[in-house]
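K.L.:
Attaching a predicted model along with its sequence, questions to come.
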Amino acid sequence: MNVVRAVVVVGLLGCSLTTSLDGVFGPPPCGAEGLACCAASACNTGLQCRSGECLKPLPCGGDGEGCCNDTSCNSGLRCELATCSPIPPPPSSPCGAAGQMCCATSACNAGLVCSGGTCVGCGSYRQPCCAGGGCRGDTACVEGTCSACCAKCKSRELYHRVFVNNDCAEASKQYCAVGDRGGLGDSKWGTCQAF
């Protein structure tokens, strides 16, 4: 009988208590998407610790996306106002290029629009909308400016950028339903934090 008790005790001591009992018998869970970052801002593979929360990495470097490391973009793109946009072609005339005056009938080179008599970049986040209301990436043309979808979750103080180009209200609702964000407080098209 004593041998059986010893085996049961050793078996119990050899078990590790994981799963949903972690918060009771050890540190609370961390490192997974939507959960708090673990010690030293660590998260599970493929996630980044931003504002103390483990989240998927933000897309960067592509046309209309944020600049990688706040400075670099993919080939053929340049970092302007923290967003990657196409490098305009070299000027073919004294008008129509970026920073130059608009040509006759307010014309500018591709990827630019005439604003206040000067050709400026268009279609990327916080830039004017291109002809016909066009915006690139995860932005939408709102009142003439390429704007981001911004969600304010009930458990957060700031609006955070949700990377979609339509149906901001539904995307914000889904974003705020994750982890401890507390559900949707408000959503809007505009300028907001990228994390």
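P.N.:
Yep, that arrived. Just so we're clear, the structure is a prediction, and the values are computed from it rather than from any experiment.

K.L.:
buried sites along stretch 85-99?
P.N.:
Residues of stretch 85-99 classed as buried under the neighbour-count rule (16 or more other Cβ atoms under 10 Å) are 85-86, 88, 95-98. For every residue, glycine as well, the C-beta is placed using N, CA and C.

K.L.:
I would like the residues contacting that stretch, please.
P.N.:
Stretch 85-99 is contacted by residues 63-64, 76-78, 100-103, 107-112, 118-121, 123-124, 127, 136 when judged by Cβ atoms under 8 Å, 6 or more residues apart in numbering.

K.L.:
Give me the mean pLDDT for that stretch.
P.N.:
Stretch 85-99 comes out with an average pLDDT of 78.

K.L.:
what does stretch 110-118 give?
P.N.:
Over the span of stretch 110-118, the pLDDT mean works out to 86.

K.L.:
Which secondary structure state does the nearest residue to A36 once chain neighbours are set aside sit in?
P.N.:
The spatially closest residue to A36, leaving aside those adjacent along the chain, is C30, at 4.9 Å (Cβ to Cβ, 6 or more residues apart in numbering). Using DSSP: H, G, I helix; E, B strand; the rest coil, the three-state assignment for C30 comes out as coil.

K.L.:
Hmm, C30 is touching G52, no?
P.N.:
No: distance between C30 and G52: 10.0 Å, which falls outside the contact criterion (Cβ atoms under 8 Å).

K.L.:
Can you work out which residues contact both of those two?
P.N.:
Listed as contacting both C30 and G52 by Cβ under 8 Å, 6+ apart are 36-37.

K.L.:
which parts of stretch 142-154 are buried?
P.N.:
Neighbour-count burial for stretch 142-154 flags 142, 145-153 (criterion: 16+ other Cβ under 10 Å).

K.L.:
Which single one of those residues is nearest to N69?
P.N.:
N69 has its nearest neighbour among the buried residues of stretch 142-154 in A148, at 19.8 Å by Cβ to Cβ.

K.L.:
so how far is S155 from the residue lying closest to L158 once chain neighbours are set aside?
P.N.:
If the residues on either side of it in the chain are set aside, L158 comes closest to Q193, at 5.5 Å by Cβ to Cβ, 6+ apart. Computed with Cβ to Cβ, to the nearest Å, the distance linking Q193 and S155 is 15 Å.
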